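Colleague: Dropping a prediction and its sequence here:
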Amino acid sequence: MKGLITVLAVLVVVGLAFFLYRTPTAPPEMTEAEIAQIEAEVEAATNEWWAVWSAGEDYDRFVAIYADGPDVHWISDGVPYFGRAEMDANFRPAMENMQGQENTRVEWRTIVIAPDVAYTVRINDIVQTDLAGISGPTVRYAETLVWVRRDGEWKVLFGHGSTPNESM
């Protein structure tokens, strides 16, 4: 009798384990049309972001593309900025001291990771013009961004921008 109770107990535990176990599910498959739509949306947001920055005129519109909150991060040439306040302390003075920026597109890619997550790579040759109208040298600039869809809008959650280190 004791053996039968043990066997039944084991069967109940194994059965319960199978019942409670859930196989992790992969992200939903997306059609090529859905991927193309997401790419187009993220490209449009990225193009607007670059246009606003390059015009150097509307800081609030520029920074509005970033997610708000402590989870948004930016790394610029190895210096991290955590949260919008730190990013603001970096970006605002840069934009306020710039008349504009010319961008020559070198390589742009958008990779859709999930229906609400995309990753962009932007490599440009840039020339910034200061408030006195003096243009700097052409500089290669590489940027990577992680975009998330929040409340129906694409926002940058994580970003990185860098220029080559000539000493390497």
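Modeller: Thanks, I have it.

Colleague: can we go C-alpha only for contacts and neighbour counts from here?
Modeller: Noted.

Colleague: Relative to the whole chain's centre, how far out is the top strand by length along the chain?
Modeller: When the chain is parsed with DSSP state E, its longest strand is strand 98-114. Put simply, strand 98-114 sits 13 Å off its chain's centre (CA atoms, centre = their mean, to the nearest Å).

Colleague: what are the pairing partners of it, and which direction each?
Modeller: Paired neighbours of strand 98-114 in the sheet (DSSP bridges): strand 117-130 (antiparallel).

Colleague: Following the strand it pairs with in sequence, what is the next regular element?
Modeller: Once the chain leaves strand 117-130, the next helix or strand it forms, by DSSP states H and E, is strand 139-150.

Colleague: got the contact list for the residue nearest to the spatial centre of the chain?
Modeller: In the chain, the centroid-proximal residue (CA atoms, centre = their mean) is residue 146; its distance is 1.6 Å. With contact set as CA atoms under 8 Å, 6 or more residues apart in numbering, residue 146 has these partners: 117-120, 156-159.

Colleague: Which positions are bridged to it in the beta structure?
Modeller: Under the criterion used here (DSSP bridges), residue 146 is bridged to residue 119, residue 158.

Colleague: What distance do you get for it to residue 133?
Modeller: Counting by CA to CA, to the nearest Å, the separation of residue 146 from residue 133 is 33 Å.

Colleague: Just give me the longest helix of this protein.
Modeller: Once the chain is assigned using DSSP state H, the helix that runs over the most residues is helix 32-55.
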